[in-house]
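Participant: 3D, please:
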Amino acid sequence: MKITVLFAVGSAAIGVLVGIQLPKGVVSKPVSITTFNIEVPFDQWAAGFDSKDSDKIHKSNQINPIFRGVDINDPSRVVVIHQSKPGSVEKLLLDNKEMIESAGHIMRTTNITNWSFQ
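Facilitator: Modelled structure (predicted):
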């Protein structure tokens with residue numbers, strides 16, 4: 001539970017920072033912040049995330065990736081920020097679970113929070 005709380009607080013902090021850093025109007029739709037662990041090097045995971053196949057899946061689910069990064073202190077921790085409707089990222093992950101796990105994403109470590117700029 002302690003780890004879950006830490007990840008939730010971390011996600012909240014990222015959400016606040018993104019909201020503060022972006023000029024008003026740049027992100028006007030809700031965003032989701034997803035954190036998870038990977039079991040492959042970040043560069044390998046990122047190559048799959050940035051692939052044409054991944055782009056097609058994102059577009060077909062009306063999800064726009066706006067940031068992906070790796071934890072400076074823990075190279076197995078990843079954060080992804082998507083511009084999307086709440087629930088869209090969860091659906092994408094469930095619908096494509098096998099492919100996503102084969103790319104190194106450890107699904108059981110996934111934490112998704114949804115944010116709105118108001």
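
Participant: dump the residue contacts of the residue nearest the centre of the chain.
Facilitator: Nearest to the mean C-alpha position of the chain, by Cα atoms, centre = their mean, lies residue 80 at 2.6 Å. Contacts for residue 80 (Cβ atoms under 8 Å, 6 or more residues apart in numbering) come out as 33-35, 49, 65, 67-68. No exception for glycine: its C-beta is placed from N, CA and C like everyone else's.

Participant: do residue 109 as well
Facilitator: 35-37.

Participant: Partner strands of the helix or strand that contains it, with direction?
Facilitator: Assigned by DSSP states H and E, residue 109 belongs to strand 105-115. Strand pairing for strand 105-115, using DSSP bridges, gives strand 31-38 (antiparallel).

Participant: distance between the partner strand and the chain's centre?
Facilitator: Centroid displacement of strand 31-38 relative to its chain, using Cα atoms, centre = their mean, to the nearest Å, is 3 Å.

Participant: all helices for the chain, in order.
Facilitator: Counting by DSSP state H, the chain has these helices, from start to end: 2-21, 42-49, 52-60, 88-95, 97-102.

Participant: how about the last one: buried residues?
Facilitator: If I follow you right, that is helix 97-102. Neighbour-count burial for helix 97-102, counted by 16 or more other Cβ atoms under 10 Å, picks out residue 100.
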